[in-house]
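1. Here's my sequence, what's the structure:
(chains A and B)
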Amino acid sequence: MDETVPTVFVVDDDVNVRSALARLIRSLGMQVQTFASAREFLGCQRPDGPACLVLDVLIARENGLLVQETLRTTAWCPPIVFLTGHGTVPMCVRAMRAGAVDFLQKPVDDEDLLAAISTAIEQDYRTRDRQRQRAALQQRVATLTPREQEVLGLVTTGLLNKEIAYILGTTEKTIKAHRARVMQKMQATSVAELVRMAAMVEMGEPHTAQL
Amino acid sequence: MPKERAALPPHLTPNSFWEFAALAHEIRQPLTAILSNAQAAWHCLAMDTPNLPEARAALADIITGARRTNEVIRQLQAFLTAGTLEQTCLNINDVIHETIGLVRSDAEAQHVRITLDLTGDLSPVAGDRIQLRQVLLNLVRNAFEAMQQVEDERRTLVVRTTLTTPGGIRVAVQDSGLSIDETSLARLFHPFFTTKTGGMGLGLALSRSIITAHGGWIWATPHPERGLTMSFTLPAV
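-> Numbering: from 1, shown residues only, chains lettered A, B, ... in the order given. Next comes the predicted model:
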């Protein structure tokens, strides 16, 4: 569980809009950080708790959609809620296809904004949760010996002990022992769970998996 | 042709789509700030222990936002009505002196040296005094802003009047500010184009409308080293 309060990042080049949105979001019980440009935002630290980004689609001399693309290639990509003063339908379609949570028209109503932010925060929470689980599993995998890792790989492909023993040129009894150690180290209670764990470890970056 | 269309000011061009999109943006920005501040104030007051300082700050910003919206509309109104002239017979040198009088204290505060190079025997022109003063004010204020980035001792503004053939006049406002790039130069007179953070981009578009309505031309000449000269012509009476 994330103990920390969610953080909402607001990027808008208009100082009055920026501070008004920040005040509104604060009054809804979340913490806010504001930035005048995407460049400033890209340089900021990832917060401990879940977060999302409220981004004007046409900030001066920058294009919010390009920012979205840049973010997707970086390690940390919070879910994005777009705001627009004069957005077009193709722009909206492009943003949504690229994984935006919502595309809201300015001036935005607090209920719509809160709904979009909640969805985004929830999405980030799930992503972070998956990342944490994955990191924990990777730590467990790291405790396996090279031989045990081989056995894990073969078990998850659905082979029987006898077949694995044949492939690795050893006895079924040895494989049984390896397999028991793998289950124990991975803290798996069944082969099905072990397979699910292995799949999670091999899964790509969670944000690309979402798209 | 329907009457409404005939009444459209001549400087409103059909490529107005982008202009109106930009205008919508200009009005939506302060409206966004107003709405968000109002809703924030509402939430602040609805708390078990109302957050009065935050609500008060939100209200102060709402007032600013409403004034800002009105300013956008006021500028737009000036832009839309620029086509109607109240012409009198005037000497442009007098209008230049009036304008410089208005900006004298700004010039001193910003360490700008003003040189007037005015031709004495100019022919009178038919013009709207207030609107021509508005054009000159726009040009001079833009020049001041362009020179903010250069060293104090190099801030010079020259206002020059010359006779043109046949019998018209030319006014040039030359600054020693930073040079301007090609792209900006091409869009200088477009409505809602601005390089300033606080600007709405109507000053030069408005100036162009006024000068065109007077039967003159307005253009910009960049200098290779630094600075820009804004010139306009007015025909003889």
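
2. any idea of the mean pLDDT for stretch B:41-48?
-> Across stretch B:41-48, pLDDT averages out at 94.

3. swap that for stretch A:129-144, sorry
-> pLDDT averaged over stretch A:129-144 gives 90.

4. and if you look at stretch A:173-188?
-> Regarding stretch A:173-188, the rounded mean pLDDT is 92.

5. now could you export just the CA positions of it as PDB?
-> Extracted in PDB, the C-alpha atoms of stretch A:173-188 (Å, rounded to 0.1, in the frame of the first residue of the first chain):
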ATOM      1  CA  LYS A 173      15.600 -37.300  -8.700                       C
ATOM      2  CA  THR A 174      18.100 -34.400  -9.100                       C
ATOM      3  CA  ILE A 175      15.500 -32.300 -11.000                       C
ATOM      4  CA  LYS A 176      12.900 -33.000  -8.300                       C
ATOM      5  CA  ALA A 177      15.300 -31.700  -5.700                       C
ATOM      6  CA  HIS A 178      16.100 -28.600  -7.800                       C
ATOM      7  CA  ARG A 179      12.400 -28.000  -8.400                       C
ATOM      8  CA  ALA A 180      11.700 -28.200  -4.700                       C
ATOM      9  CA  ARG A 181      14.400 -25.600  -4.000                       C
ATOM     10  CA  VAL A 182      13.100 -23.300  -6.800                       C
ATOM     11  CA  MET A 183       9.500 -23.500  -5.300                       C
ATOM     12  CA  GLN A 184      10.900 -22.700  -1.900                       C
ATOM     13  CA  LYS A 185      13.100 -19.800  -2.900                       C
ATOM     14  CA  MET A 186      10.400 -18.300  -5.100                       C
ATOM     15  CA  GLN A 187       7.800 -18.800  -2.300                       C
ATOM     16  CA  ALA A 188       5.500 -20.500  -4.800                       C
END
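
6. and it, which residues are buried?
-> A:175, A:178, A:179, A:181, A:182, A:183, A:185, A:186, A:188 (16 or more other CB atoms under 10 Å in any protein chain shown). Every residue, glycine included, has its C-beta placed from N, CA and C.

7. Same check on stretch A:41-51?
-> Neighbour-count burial for stretch A:41-51, counted by 16+ other CB under 10 Å, picks out A:41, A:47, A:49, A:50, A:51.

8. now the residues you listed as JSON lines including distance to chain B and pLDDT?
-> Converted to JSON lines, the buried residues of stretch A:41-51 look like this (distance: CB to the nearest CB, whole Å; pLDDT from 0 to 100):
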{"residue": "A:41", "distance to chain B": "19", "pLDDT": "87"}
{"residue": "A:47", "distance to chain B": "22", "pLDDT": "85"}
{"residue": "A:49", "distance to chain B": "21", "pLDDT": "87"}
{"residue": "A:50", "distance to chain B": "21", "pLDDT": "92"}
{"residue": "A:51", "distance to chain B": "20", "pLDDT": "93"}
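
9. out of the residues you listed, which are inside helices?
-> residue A:41 (DSSP state H).

10. Mark which of the buried residues of stretch A:41-51 are part of strands, please.
-> Members of the buried residues of stretch A:41-51 lying in strands (criterion: DSSP state E): residue A:51.

11. With respect to residue B:208, which of the buried residues of stretch A:41-51 is nearest?
-> Nearest to residue B:208 among these: residue A:41, at 37.5 Å, using CB to CB.

12. Show the backbone phi and psi for the closest residue to the closest one other than its chain neighbours.
-> With CB to CB, 6 or more residues apart in numbering or on different chains as the criterion, residue A:41 has its nearest non-adjacent residue at 4.3 Å, and that residue is residue A:35. As for residue A:35, its main-chain torsions (degrees, to the nearest 10) stand at phi -140, psi 140.
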